[in-house]
Every structure is written in C-alpha cells, then in structure tokens.
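*Asks:* I would like to see how this sequence folds:
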Amino acid sequence: MRIIKIMVFLSLATFVYSCGGGGSGGSGSPANSPSKEHSIRKYNLNVQKEQAKRRTPCDTLSLKEYILKNYSVGTYLVNSAKTYTFSIPKPAVIYYRKGGNYIFALIAKSKKGERFIETKNIVGYYSSFINLDSTKLGTAFFYLTLFQCDGKGNFDTLWQAEVPIHGGFNYMKLKRWRAKNELYIKLDFDAGIISGHRDFNFFFVDGIKKRPHLLETYEGIAHKRTIANLNNDKYPDYYEYIFSDSSRTIPIIDSIPFYWSKKRHLYITKRNRRWWRKY
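*Replies:* This next block holds a predicted model:
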C-alpha cells in the first residue's frame, strides 16, 4: 500500500512539473518567453540605475537601455570574463573620444528558434567547448558594434561586424599595429579544444567609421598563427605554422605565409593555389 502511495505521488509531481509548475524550460520561463525576458531585464536595469552613484548621458547603463529598447529580444551587452574569482565582471565596451563620442561594444544575439542565451554561459574557458555541446543553453552570435552618442544619451549604430565564434569570450582591447600604425580591436576567446586561445582582430584599414577588416590569430599546443606584413599594403597578413607530431615536444617545422587578396576577398598563399582562408 505504501509503495502504491509513493507511485501516485511521483506521478502527480511529474504531471505538475511538465505543466510548468516547477520547470525552468517551459514556454512560460524567461528563457523562452519574450515578455518575461524583457520585463526581468528592464527591472534589473532599473535597479542598476538606482544603485549607480554617478551617471553620464552616454554611460554603459544608457547603452544597455538603448539595446533593450532597440534590439530584438535576447540581445545583450556582453561582460568580460572575471579577472579573479570574486571580481565583478566588466562590460565589454571601449570608449573612443577622438573626433566624437564613440563606443565599441561586444553584443551577443540569441539564435532564433532557440531559448534565449544567458551571458554567463558564453564567457570563459568552459563555454569555449560550446561547439561540442547541444543547443540547450541557446546559441550566441557575437557582433563587434560601433555606437555613436550625441552627448545627450541618444545613440546611433554605425556598423556591426560578426565574430565567427559562439562562446569562450575573455576580453577586448584597443591596440595598434605598428607595421602600418593602424588601430585594431582584439577580441580574445578561450579555446579549450586547442588548449589555447583564439583572437579575432578587427583592423580599421579605412578609419573607425567603416566596417573593419577581420583577421584571426590563435595559439595552442599544436596550433599557431601570427600577424605579419608580407606585401606592404594596408591589410594585415599572417603566418600559419605547421607542427610536427613525431615527438613529445611538438616543434614547429614550417610556416606558411598568407596575404590578403583584394580581388578574391580571401587570404591566399603562393604555396598552393587551392589553399585559402576567409579571415
């Protein structure tokens, strides 16, 4: 008799859970409900605004509010990975005030038809294995985006450039390529699959207001690619290294130069006409 009562109780509990009484993945959860997702983000943003000690018209909270109001549901401003265990993650933004009030920001958009992403699930080392996982946590599409603010809190989106990766974000930096004295933004991503990191470098070959040129570099146990200046034009080139797997040290045995072809809009090499890379 006791066993029968337990079975009845478990059946009822399963029924309630499947109807949304205890599950987090039902159609009414914030991960799947646009209205709930929007309401929660609006509430959290208002709390952050109330707690902010000092505000300016074009600050990060204003940018978050602009994204919330003008972008599709499931679009977020990404945070950088934590520097230390108990440190507060900082928004992935860079303010650039030469010739105007510009903000470079990393935006993540949720894939349509899947649950909305959570920014904590796309940042850091463990999220770099997302290509091996299912889409239960949603798929993120990263975009480096340039905003311009008029000083009164009004933003305009000047361009957005897709970053061809779905997880593992670490940090972003504004750097300068000394060979051509060109500014570029480096987006660093952890890459657990190669036991290293991947960097997506966006070069402003025609100034910051124009969509940047993408070049990927990376470094792992047996993977490496470095920036180079091969044909002395305004586009960065790179060396792709070949490793030997015949010994324990995995030494580099060769490097292949790739340069940007303006005609083909691809990276090509003279070693083999059929070898090419998109970025």
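*Asks:* residues in contact with the spatially closest residue to Ser195 that is not a sequence neighbour?
*Replies:* Nearest in space to Ser195, with sequence neighbours left out and distances taken as CB to CB, 6 or more residues apart in numbering, is Ile221 at 4.6 Å. To be clear about C-beta, it is placed using only N, CA and C from the backbone, and glycine gets the same treatment. Ile221 sits next to Ile194, Ser195, Gly196, Ile250 when contact means CB atoms under 8 Å, 6 or more residues apart in numbering.
*Asks:* Kindly recompute the last result at 10 Å.
*Replies:* Residues near Ile221 by CB atoms under 10 Å, 6 or more residues apart in numbering: Ile194, Ser195, Gly196, Phe243, Ile250.
*Asks:* for Arg178, same thing?
*Replies:* By CB under 10 Å, 6+ apart, the contact list for Arg178 reads Asn229.
*Asks:* Read off the pLDDT value for it.
*Replies:* You'll see Arg178 listed with a pLDDT of 95.
*Asks:* And it, how close does it get to Asn232?
*Replies:* The gap separating Arg178 from Asn232 is 14 Å, by CB to CB, to the nearest Å.
*Asks:* list the residues that contact both of the two?
*Replies:* Both Arg178 and Asn232 lack any common contact, where contact means CB under 10 Å, 6+ apart.
*Asks:* what pairs with the helix or strand where Leu215 lies, and is each one parallel or antiparallel?
*Replies:* Element membership for Leu215 (DSSP states H and E) is strand 213-219. The pairing partners recorded for strand 213-219 under DSSP bridges are strand 196-203 (antiparallel), strand 224-228 (antiparallel).
*Asks:* show me where the chain has helices.
*Replies:* Listed in chain order, the helices of the chain (DSSP state H) span 2-18, 34-51, 60-70.
*Asks:* hey, least reliable of these by pLDDT?
*Replies:* Across the helices of the chain, the lowest-scoring stretch is helix 2-18, with a mean of 37.
*Asks:* Could you check how far Lys69 is from Tyr267?
*Replies:* Relative to Tyr267, Lys69 is positioned 39 Å away (criterion: CB to CB).
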